[in-house]
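**Student:** just the structure for this:
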Amino acid sequence: MPRNTKRGGSPVTVRSKTMKTRGAGRKRRRVEEREDLTAKHSKQSEDIRPIVGPSDSMAPTAGNPSGAPGPSTSDSGTIRHEVWIIGSSYVYWSHRRALKLHLGKNLRLDSANITWFGIRGMHWSGLLPLLRKKLQYLQSPDTLVIHLGSNDLVTMRSIDLGRDIEQDMHTITDLLPNVQLIWSEMFPRRAWRGAESLAAIERKRKRVNRKAIEPVTKLKGLFVRHDIVARDSGLYREDDIHLSEIGNSIFVHELQEALFQAIPSAAL
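**Tutor:** Next comes the predicted model:
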């Protein structure tokens with residue numbers, strides 16, 4: 001399948017949209033095979049690290065009053081590319097899945113240092129406050145991946161949510177002038193709590209995803225489309241909202257591939 005990564009808002013994609021159903025099935029089989037190999041050859045599990053918040057070692061000191069660390073370095077001494085992944089429970093559970101798959105918090109990207117901020121129940125309005133808080137004591141990101149907004153689809157009008165996303169994208173680039181933005185499209189769900197019409201929410205989800213791509217394109221960022229298909233029940237938990245282990249594995253590998261293509265000199 002074609003892999004197409006271009007700057008200026010072109011998609012980071014690992015499939016053809018016209019092959020959506022069959023593409024998702026093939027990717028699911030590839031992920032299952034990959035997990036089998038990982039389980040066979042991995043000798044020990046990695047510790048589950050905190051999903052959100054600084055480590056205890058980030059407390060302010062006399063020589064570092066803000067508590068902010070300097071750039072992280074790899075084993076070879078080269079400065080790593082700082083990546084933040086921010087989102088709701090989908091990010092929370094995908095981080096845990098990445099650790100269970102022995103990919104590590106950096107998804108085996110040698111040149112990256114990835115910090116995960118997965119906050120269950122998070123709404124779009126929480127993005128800027130979280131960013132401002134974390135920037136007080138963490139190294140600012142070179143790349144910011146955002147997977148957020150689906151918890152607002154039932155309660156907000158698409159025009160209002162799209163406007164907020166566009167405004168906040170510009171605010172983020174004011175805060176971080178050199179950041180590379182990556183919009184990770186909102187997944188479909190098999191159920192939406194509080195929705196009167198699933199079809200109406202699905203149309204809204206697609207509208208907001210399209211709207212979010214506009215500022216990302218203008219700001220020379222990237223966007224990621226996913227092989228998560230609502231009619232494939234195996235990709236979801238019993239609540240039909242959150243992803244199953246296979247669904248999370250697909251999401252993790254798509255994030256890994258997107259970052260591999262987006263980060264200069266990234267290596268798996």
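**Student:** where does T143 fall, phi/psi-wise?
**Tutor:** Note on T143: backbone dihedrals following degrees, to the nearest 10 are phi -130, psi 130.
**Student:** who does it bridge with?
**Tutor:** Assessed by DSSP bridges, T143 has beta-bridge partners V83, Q180.
**Student:** got a list of what it touches?
**Tutor:** By Cβ atoms under 8 Å, 6 or more residues apart in numbering, the residues touching T143 are H81, E82, V83, W84, V179, Q180, L181, I182, L259, A262, I263. Just so you know, the C-beta spots here come from the backbone N, C-alpha and C atoms, and that holds for glycine as well.
**Student:** of these, closest to H170?
**Tutor:** Closest to H170 out of the contacts of T143 is L181 (10.3 Å), distances taken as Cβ to Cβ.
**Student:** helices of this protein, start to end?
**Tutor:** 20-41, 89-100, 127-134, 158-175, 198-218, 245-262 (DSSP state H).
**Student:** would you reformat the ones you listed as a markdown table and include mean neighbour count and distance to D227?
**Tutor:** Shown next, in a markdown table, are the helices of the chain (neighbours: other Cβ atoms under 10 Å; distance: least, Cβ to Cβ, whole Å):
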| stretch | mean neighbour count | distance to D227 |
| --- | --- | --- |
| helix 20-41 | 14 | 4 |
| helix 89-100 | 22 | 14 |
| helix 127-134 | 16 | 25 |
| helix 158-175 | 16 | 23 |
| helix 198-218 | 17 | 15 |
| helix 245-262 | 22 | 6 |
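**Student:** M122 and S88 touch, don't they?
**Tutor:** Yes: M122 is within contact range of S88, at 4.2 Å (criterion: Cβ atoms under 8 Å).
**Student:** what's the overlap in contacts for the two?
**Tutor:** L148, N151.
**Student:** from R97, how far out is S233?
**Tutor:** 18 Å (Cβ to Cβ, to the nearest Å).
**Student:** for stretch 192-200, how far is the first residue from the last?
**Tutor:** Across stretch 192-200, the terminal residues are separated by 11 Å (Cα to Cα, to the nearest Å).
**Student:** quick one: pLDDT of the residue lying closest to L128 once chain neighbours are set aside?
**Tutor:** The shortest distance from L128 to any non-neighbouring residue, by Cβ to Cβ, 6 or more residues apart in numbering, is to D168 (5.8 Å). At D168, the pLDDT value in this model is 97.
**Student:** what's near enough to touch I172?
**Tutor:** L128, L131, L144, V179, L181.
**Student:** show the low-confidence segments of the stretch 51-200 of the chain, by residue range.
**Tutor:** Scanning the stretch 51-200 of the chain for pLDDT under 70 picks out 51-78.
**Student:** any idea how far H226 is from R193?
**Tutor:** In terms of Cβ to Cβ, R193 sits 21 Å off from H226.
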